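> next one to model:
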Amino acid sequence: KTEGSESEDMSAQVAEEEPIIAEPVPYIAQPAEPHPVDEGAGDGLWPTHLFGCFDNIMPSCLMACFCWCFPLSRVRKSAQIENPSIFGCPSESWVKNIILLLSVYILFTIFHILEARVHPAASVGSVILGVGLILFIFVTRMEYRRKRNIRDNCCCCEDTCWDDIFSSLFCTCCTIAQLDRTEFRYAGALEPCCFEACSEPEARGGHVV
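Below is the predicted model:
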């Protein structure tokens, strides 16, 4: 080969080996995603009425009337409601809520039996437990409102605090059933089975808007 052809071959080889540098692509900032809000809470309304118990007879209505410790514990666990708590108990813990509320349920029954068969003074214990339970439900409902951004009132009160007080005091079972239906959104009036609704739910938290 001639000297000219060799130089051309070398220059071609260098050109092939020379790395290709890509031009920098300008970064375009993506818009931030909106803060997530739980389904049905964005409009600030209860998705189910306080007296809509027949929307789900089983398990919501039946359990709220006869075994309220389970639906109340499930709501607190799922919505991660910490208050009311004393030294971190029961907080949002499924086990602690079940132990506390089931103990209240058993003691309430015992005091009723003692009142009927032993002495009327045993009613004092029932009253104390009842007041404590109503306060517990009242604070739970207030915290649930905050978690799910619900500003709607079910009673004639304009203030949500008074609405929670009157609902918890005069419609205790309906209040628990409403919280249960709102949190778990049952598909029909008679599903699922009550035994399935006694299990620990997955916590899905809440977002304040």
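> nearest spatial neighbour of Thr48, skipping sequence neighbours?
Excluding the flanking residues, the one nearest Thr48 by Cβ to Cβ, 6 or more residues apart in numbering is Arg181, at 4.5 Å. To be clear about C-beta, it is placed using only N, CA and C from the backbone, and glycine gets the same treatment.
> find the centremost residue of the chain, please.
The chain has Ala79 as the residue nearest its centroid, 2.0 Å off, counting by Cα atoms, centre = their mean.
> I'd like to know how far that residue sits from Phe70.
The gap separating Ala79 from Phe70 is 15 Å, by Cβ to Cβ, to the nearest Å.
> which intervals of the chain have sub-threshold pLDDT?
For the chain, residues meeting the criterion pLDDT under 70 lie at 1-42, 155-158, 192-195, 203-209.
> which elements pack onto the longest helix seen in it?
Taking DSSP state H as the criterion, the chain has its longest helix at helix 123-148. Here helix 123-148 touches helix 69-78, helix 94-117, helix 160-170, helix 172-184, going by 3 or more Cβ pairs under 8 Å, 6 or more residues apart in numbering; DSSP states H and E.
> tell me which of those helices is the most buried.
For those, average neighbour numbers computed from mean count of other Cβ atoms under 10 Å are highest in helix 69-78, which has a mean of 24.
> quick check: angle from that helix to helix 94-117?
Angle, helix 69-78 to helix 94-117, by axes from the mean of the first three to the mean of the last three Cα atoms, to 10 degrees: 150 degrees.
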